[in-house]
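> I need the structure of the sequence given here:
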Amino acid sequence: MTAMAHHDHPVTRAMVEVRQKLAEVAQVPLWSMGTEQATSTLEEILAVEAQLAELKTRTLTQVEALEVPRQSGATSTGNWLAVRTNLTRATAFRTVRVAAGLGRYDQVREAMAQGRVHTEQVEVIVKALDDLLDDLDPRLVEEAEGHLVTEAGRFDAVGLKKLGRRLLEVVDQDAADAHEAKLLEKEERDAQAAMRLTMYDDGHGKVHGRFVLDTATGAALRKMILAIAAPKHQAATQGPLGERKPTAERMGQAVGELINRYPVGKLPQAGGLNATLVVTMTLDSLMGGLKAAQLDTGGVISASLARRMACEAGIIPAVLGGKSEVLDLGRSRRFHSRAQRIVKLLTAGGCQVDGCDAPPGLTHMHRVIEWSQGGRTDLDNTIMICGPHHARAHDPTYQLKPIPGDKFTFHRRT
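Residues are numbered from 1 along each chain as shown. Down below sits the predicted model:
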């Protein structure tokens, strides 16, 4: 700051004076401020931030005009700014983009210099103006610019972005629909090209992943998951509670439910077979043993999870020799028939665990008494149970017990 004091440029001197003034109040306590004074001071600070941001971008433009970045050997102004100021490259390049935008649109720059718009709003306004038709009359561009600058006094960056999409309606109604269609088509093409799915197994029983979808597919996926994750609460018909807001945990369980319940027959065939997950386990494990089951993907799962999957899956008995050589192969069979499921759905009306409100369409059939204890596959030994409670029913640390009202509850084993 001492070195800058010797410069004679008005902007340089102003910056020195600003820093000196701020240094003078750096330790001044604010406890004596009233509500109105604190609010107005905060608004003034935000306006000063916008003015400084405009001055910063103008100075950066001058730095570029003097070719300072090129002379220093930097590959770009953004890289030079990041190295020179220790800003992250993302922030540095964002500053360069704002500077370029202010150089194209004088009304936006003037509004920022007066503290009426801030950086986030400027980015959105510049993007909306840049997206206008290339052959649009310059006078209409100026009118659109003035409109967005005015609306910045009422809307934040999100609101301005929505206004920017229909900006042509203000200046050229006839071209508005065609322009928006062009923008949407471009966004949709870009989204299709950007669709991604990555997954990895952490080796500790969990699979992690990330995905990118286009807006329409994402909206459809959200609807499907919410339909599973947020069934109406029982109290919705009895009071003002309405629907329960699904938690992240419940949304995750809904994704699992969606995957596990997708009809196998509707999947594309690979090598003549539907995409089926094959689980190999011993008869002893199926009847209650502890030996882990093998997946055809190379992973392993617990015997209790394999038994839970067997409640809903088709089972093919096979006799294996050494090195998993198939000696004999039976036919796929299900222990509960389709007719039994329909009957139970009609009589149970949903998950039979006390207090659960999962609807009939999201329930599984479960034996109260398992095979290893002589349990039969009949309706008297079967209850309807939702996915999360089905997992608990196969957890050896819990015991399922009946209570009055054709309901069941869990008790932790001692």
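> what does the pLDDT read for Leu136?
Looking at Leu136, its pLDDT reads 75.
> what about the residue lying closest to it once chain neighbours are set aside, neighbour count?
Ranked by Cβ to Cβ, 6 or more residues apart in numbering and with sequence neighbours excluded, the top spatial neighbour of Leu136 is Asp172, at 7.1 Å. The C-beta positions use only the backbone N, C-alpha and C, and glycine is treated the same way. By the criterion of other Cβ atoms under 10 Å, Asp172 has 18 neighbours.
> and Asp172, what are its phi and psi?
For Asp172, the backbone dihedrals (degrees, to the nearest 10) come out as phi -150, psi 90.
> start the count at 618 instead of 1 going forward.
OK, 618 is where the count begins now, so the last one is Asp789.
> for it, give me the pLDDT.
Predicted confidence (pLDDT) for Asp789: 73.
> what do you get for Glu671?
91.
> where exactly do the strands run in the stretch 718-867 of the chain?
Secondary structure of the stretch 718-867 of the chain (DSSP state E, counting those that start in this stretch): strands at 813-818, 824-829.
> same for the last one, what does it pack against?
Translated: strand 824-829. Strand 824-829 is packed against strand 813-818, with contacts defined by 3 or more Cβ pairs under 8 Å, 6 or more residues apart in numbering; DSSP states H and E.
> can you list the strands that the strand it packs on pairs with?
Strand 813-818 sits in its sheet next to strand 824-829 (antiparallel), going by DSSP bridges.
> could you give the mean pLDDT of the strand it pairs with?
Averaging pLDDT along strand 824-829 yields 88.
> give me the neighbour count for the closest residue to Leu907 other than its chain neighbours.
Take Leu907 and drop its neighbours on the chain: the residue closest to it by Cβ to Cβ, 6+ apart is Ala920, 5.5 Å away. Ala920 has 21 neighbouring residues, counting by other Cβ under 10 Å.
> pretty sure Ala920 contacts Met898?
Yes. Using Cβ atoms under 8 Å, Ala920 is in contact with Met898, at 6.6 Å.
> now do the shared contacts for those two.
Counting by Cβ atoms under 8 Å, 6 or more residues apart in numbering, the shared contacts of Ala920 and Met898 are 908, 910.
> downstream of the top helix by length along the chain, the next helix or strand is which one?
Counting by DSSP state H, the longest helix found in the chain is helix 652-682. Next along the chain after helix 652-682, taking DSSP states H and E as the criterion, comes helix 685-688.
> elements contacting that following helix?
Partner elements for helix 685-688 (3+ Cβ pairs under 8 Å, 6+ apart): helix 694-702.
> tell me the angle of the helix it packs on relative to helix 652-682?
120 degrees (axes from the mean of the first three to the mean of the last three Cα atoms, to 10 degrees).
> identify all contacting residues around helix 694-702.
For helix 694-702, contacts defined as Cβ under 8 Å, 6+ apart pick out 677, 680-681, 685-686, 689, 691, 704-706, 708-710, 712-713.
> one more pass at 7 Å, please.
Applying Cβ atoms under 7 Å, 6 or more residues apart in numbering, the contact partners of helix 694-702 are 677, 681, 686, 689, 691, 704-706, 709-710, 712-713.
> buried subset of those, written for ChimeraX?
With 16 or more other Cβ atoms under 10 Å as the criterion, this ChimeraX line picks the buried residues out of the contacts of helix 694-702:
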select :677,681,686,691,709,710,712,713
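> what is the nearest of the contacts of helix 694-702 to Val960?
Here the nearest of these to Val960, counting by Cβ to Cβ, is Thr705; it sits at 63.0 Å.
> my guess is Phe1027 is in a strand, correct?
Yes. Using DSSP: H, G, I helix; E, B strand; the rest coil, the assignment for Phe1027 is a strand.
> that one and Gly873, how far apart?
Phe1027 sits at a distance of 20 Å from Gly873 (criterion: Cβ to Cβ, to the nearest Å).
> try Gly770
48 Å.
> one more: Gln738?
From Gln738 over to Gly873 (counting by Cβ to Cβ), the distance is 42 Å.
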